[in-house]
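In: A structural model of the following input is requested.
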Amino acid sequence: MNETLSPTLPNPLTPVPGFYPDGRPASDWWERFETLRKTAASSPADVVFLGDSITQAWAQSRAWRERIEPLGRMLGLGIGGDGIQQVRYRIAHGQLDGLTPRLIVLMIGINNLWHKGGSDDDIVRG
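Out: Residues are numbered from 1 along each chain as shown. Down below sits the predicted model:
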């Protein structure tokens, strides 16, 4: 594996706060982070879905309500635009604190390729 990280991007091993790539204010990301952190703190979730906009869309979809929620205590913790760095930041800053899920479904990395320009090696290491 190539040991060189993409030089123009934050290292995927280094947690950093998020932002929305479509230009929304940074306060929107912080608001979503805090809302999810508080929701998680009071959740008895057995399964946690953690990730980016794909994860966020799953948890807000009709299919989620009709097919996923009936399976048990599920929690969606997706934030659009997040890369590996942002998910690491969210974990390091309490988003999973107090949770004891049996399973975590992780969907992350596409934004590191798409709008952050990272490499597949960066994603694997992240």
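In: residues in contact with the residue nearest the centre of the chain?
Out: Nearest residue to the geometric centre of the chain (Cα atoms, centre = their mean): residue 51, 2.7 Å. Residue 51 sits next to 77-78, 82, 87, 105-108 when contact means Cβ atoms under 8 Å, 6 or more residues apart in numbering. In short, each C-beta sits where N, CA and C put it, glycine included.
In: can you do 10 Å?
Out: 58-59, 76-80, 82, 84, 86-87, 104-111 (Cβ atoms under 10 Å, 6 or more residues apart in numbering).
In: Which members of those are classed as buried?
Out: Those of the contacts of residue 51 that meet the buried threshold are 58-59, 76-80, 82, 84, 86-87, 104, 107-111, by 16 or more other Cβ atoms under 10 Å.
In: Now intersect the residues you listed with the strands, please.
Out: 76-78, 104, 107 (DSSP state E).
In: Please identify which of these is nearest to residue 47.
Out: residue 104 (7.6 Å; Cβ to Cβ).
In: Roughly how far does the nearest residue to the closest one once chain neighbours are set aside sit from residue 87?
Out: Among residues not flanking residue 104 along the chain, residue 48 sits closest, at 4.9 Å (Cβ to Cβ, 6 or more residues apart in numbering). Distance of residue 48 to residue 87, computed by Cβ to Cβ, to the nearest Å: 12 Å.
In: And residue 43, its phi and psi?
Out: Dihedral pair for residue 43: phi -100, psi 140, per degrees, to the nearest 10.
In: Residue 91 touches residue 97, doesn't it?
Out: Yes: Residue 91 is in contact with residue 97 according to Cβ atoms under 10 Å; the separation is 9.1 Å.
In: quick one, which of these two is more surrounded?
Out: In this view residue 91 and residue 97 are compared by other Cβ atoms under 10 Å, and residue 91 has more residues nearby, 15 against 10.
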